[in-house]
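Undergrad: Please work out how this folds:
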Amino acid sequence: MDERLPIGESVEGWVVEAVLGTGGFAVVYRVRRDGAFAALKVPHGALAADPGALARFRRETEVVQRIRHPNICAVLSCGELADGRPYIIMEYLEGEDLHRRLQEGRMAPEPACAIVDAVAAALEAAHQHGVIHRDVKASNVFLTDHGNRVVLLDFGIAKLREGAALTGSREIVGTPESMAPEQLRGGPVDERTDVYGLGVLVHSLLIGASPFSVETPTLTGRLARRAARPRALHSAQLPIAVYRVVTRAMALDPANRYRRPSEVAEALSRALSPARPGPHDLRLAVLVSAVLSPDAIASPDEDTALAVESLLAETARLLERQGLELVLESTTEALYVGPLSARAAVVASLRDWLAARSPGQVGTALRVRAGTAAELTSLAWADRPPAPGLSDEA
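TA: Next up, the predicted model:
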């Protein structure tokens with residue numbers, strides 16, 4: 001039996017005119033009433049018989065009705081069809097989703113920033129209502145035909161902070177290539193989970209592809225991908241500060257991410273601003289490298305990746321307190337610069353800190369080199385074998 005609504009069917013006076021799209025969960029129709037268009041979303045019959053699926057559908061309705069924001073698709077009405085299936089009537093949008101737009105290639109910085117600003121604003125509006133989206137990705141971002149509006153779609157797996165979860169405590173929901181590590185583990189989520197998704201979106205916008213493929217959705221596979229240097233961002237000739245934004249937003253540990261989506265948007269805008277002059281060759285430079293054992297390189301795991309991230313974050317706090325500025329960064333290295341006159345004090349602080357450090361994760365260690373920018377800039381990003389041993393140096 002065909003479960004689709006026939007052309008000409010009326011729902012609350014809205015007349016079905018065409019099918020706009022069909023997904024794994026629902027069919028979306030274009031409907032018209034009094035000369036105005038809207039979108040009617042109805043779940044498939046088989047899913048409508050699933051209590052869990054119905055709960056998610058109703059949750060989407062509840063969530064979006066709570067949030068009134070220009071970058072979130074508005075719900076006009078909701079109810080149940082004669083056969084018992086629920087439906088949502090939403091505002092009608094003309095244009096294309098961002099995933100389709102990116103098939104033409106990556107975006108220029110200015111429109112990319114505008115999209116990130118809009119998505120961040122939508123997420124913050126949701127967060128203010130206690131809603132975590134959990135599925136920030138290009139196909140859930142809609143661009144209107146005239147390019148004057150960006151809309152965040154699909155709150156179907158959103159979570160209310162104060163509400164009961166719609167899935168089991170260990171059930172994984174979301175799109176694997178844009179899911180945060182805590183989602184992959186089936187762990188608790190918060191606003192920083194959406195920050196991670198926004199970081200993936202930034203990468204997709206500026207490179208034209210997700211940093212991860214559907215072939216490597218597991219956390220272990222993702223960690224292996226993180227071991228590679230950020231060649232894509234460099235080949236796109238983007239400022240290194242852009243990579244800093246992406247890597248911080250996508251930190252494995254939520255504590256190391258930006259706290260709010262707006263912080264990602266603001267940092268990206270600064271990163272894509274006209275470049276400041278590079279560090280003078282005679283400035284102090286400190287190159288920090290996380291050194292991995294051959295076994296850790298061959299078989300990356302979550303503990304190793306978190307240990308590397310923690311080492312670099314701890315060093316960053318120390319050097320920034322000394323007045324140094326981060327200018328280059330990869331997954332395992334960071335280069336800082338500051339006044340050459342501070343060299344003795346910085347090296348002394350580093351030696352004291354390294355001497356006081358407790359042993360870290362097995363298979364990881366820290367190597368710190370201090371010199372002039374001219375001496376050390378060429379070392380950063382160089383294709384060279386790891387330094388022998390696992391010692392700390394200053």
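Undergrad: how long is stretch 8-18 end to end?
TA: 9 Å (C-alpha to C-alpha, to the nearest Å).
Undergrad: buried ones in it?
TA: Of all the residues in stretch 8-18, those buried under the rule 16 or more other C-beta atoms under 10 Å are 11, 14, 16. Every residue, glycine included, has its C-beta placed from N, CA and C.
Undergrad: What of stretch 21-30?
TA: Taking 16+ other C-beta under 10 Å as the basis for neighbour counts, the residues of stretch 21-30 that come out buried are 25, 26, 27, 28, 29, 30.
Undergrad: quick revisit: tell me which of the buried residues of stretch 8-18 is nearest to residue 37?
TA: Within those, distances to residue 37 taken as C-beta to C-beta reach their minimum at residue 14, with 9.2 Å.
Undergrad: Work out for me the element residue 24 sits within.
TA: Assigned by DSSP states H and E, residue 24 falls within no helix or strand.
Undergrad: residue ranges for the helices of the stretch 51-200 of the chain, please.
TA: Per DSSP state H, counting those that start in this stretch, the stretch 51-200 of the chain carries helices over the ranges 51-66, 98-102, 109-128, 181-184, 191-207.
Undergrad: where in the stretch 201-350 of the chain is pLDDT low?
TA: Scanning the stretch 201-350 of the chain for pLDDT under 70 picks out the ranges 212-237, 240, 274-282, 296-301, 327-331.
Undergrad: Break down it into its strands, ranges please.
TA: Per DSSP state E, counting those that start in this stretch, the stretch 201-350 of the chain carries strands over the ranges 284-292, 325-329, 333-338.
Undergrad: Minimum distance to residue 113: which of the ones you listed has it?
TA: Between these, strand 325-329 lies closest to residue 113; by C-beta to C-beta that is 20.4 Å.
Undergrad: Tell me which of the strands of the stretch 201-350 of the chain lies nearest to residue 97.
TA: Sorting those by C-beta to C-beta, the top spot, which is the nearest, belongs to strand 325-329 at 31.5 Å.
Undergrad: just checking, which of the buried residues of stretch 8-18 belong to strands?
TA: When strands are assigned by DSSP state E, the members of these inside them are 11, 14, 16.
Undergrad: Name all residues that make contact with the second one.
TA: For residue 14, the contacting residues are 31, 32, 33, 38, 40, 89, taking C-beta atoms under 8 Å, 6 or more residues apart in numbering as the criterion.
Undergrad: hey, what's it bridged with?
TA: Under DSSP bridges, the beta-bridge partners of residue 14 are residue 11.
Undergrad: ok so, going back, which one of the ones in strands among the buried residues of stretch 8-18 sits closest to residue 146?
TA: For those, with residue 146 as the reference and C-beta to C-beta as the criterion, the closest is residue 14, at 24.3 Å.
Undergrad: need the ones in strands among the buried residues of stretch 8-18 in a markdown table with pLDDT and distance to residue 3, can you?
TA: Supplementary listing: those in a markdown table, determined by pLDDT from 0 to 100; distance: C-beta to C-beta, whole Å:
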| residue | pLDDT | distance to residue 3 |
| --- | --- | --- |
| 11 | 95 | 14 |
| 14 | 97 | 18 |
| 16 | 96 | 13 |
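Undergrad: Tell me the pLDDT of the residue lying closest to residue 12 once chain neighbours are set aside.
TA: The shortest distance from residue 12 to any residue other than its chain neighbours is 5.9 Å, reached at residue 77 (C-beta to C-beta, 6 or more residues apart in numbering). In this model, residue 77 is scored at 89, pLDDT.
Undergrad: and what of residue 381?
TA: Here, the pLDDT recorded for residue 381 equals 35.
Undergrad: now do residue 394
TA: Residue 394 is given a pLDDT of 34.
Undergrad: now swap in residue 85 and tell me
TA: Among the per-residue scores, residue 85 shows a pLDDT of 87.
Undergrad: now swap in residue 80 and tell me
TA: You'll see residue 80 listed with a pLDDT of 87.
Undergrad: gap between it and residue 286?
TA: Using C-beta to C-beta, to the nearest Å, residue 80 is found at 64 Å from residue 286.
Undergrad: These two: which has the busier surroundings?
TA: Comparing residue 80 with residue 286 by other C-beta atoms under 10 Å, the one with more neighbours is residue 286, at 26 against 10.
Undergrad: Surely the more buried one touches residue 368?
TA: Yes - the pair residue 286 and residue 368 passes the contact test of C-beta atoms under 8 Å, sitting 6.5 Å apart.
Undergrad: which residues do the two both contact?
TA: By the contact definition C-beta under 8 Å, 6+ apart, residue 286 and residue 368 are jointly contacted by residue 350.
Undergrad: hang on, the earlier thing: okay if I get the strands of the stretch 201-350 of the chain as a markdown table plus distance to residue 70?
TA: Compiled in a markdown table, the strands of the stretch 201-350 of the chain are given as follows (distance: least, C-beta to C-beta, whole Å):
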| stretch | distance to residue 70 |
| --- | --- |
| strand 284-292 | 43 |
| strand 325-329 | 35 |
| strand 333-338 | 39 |
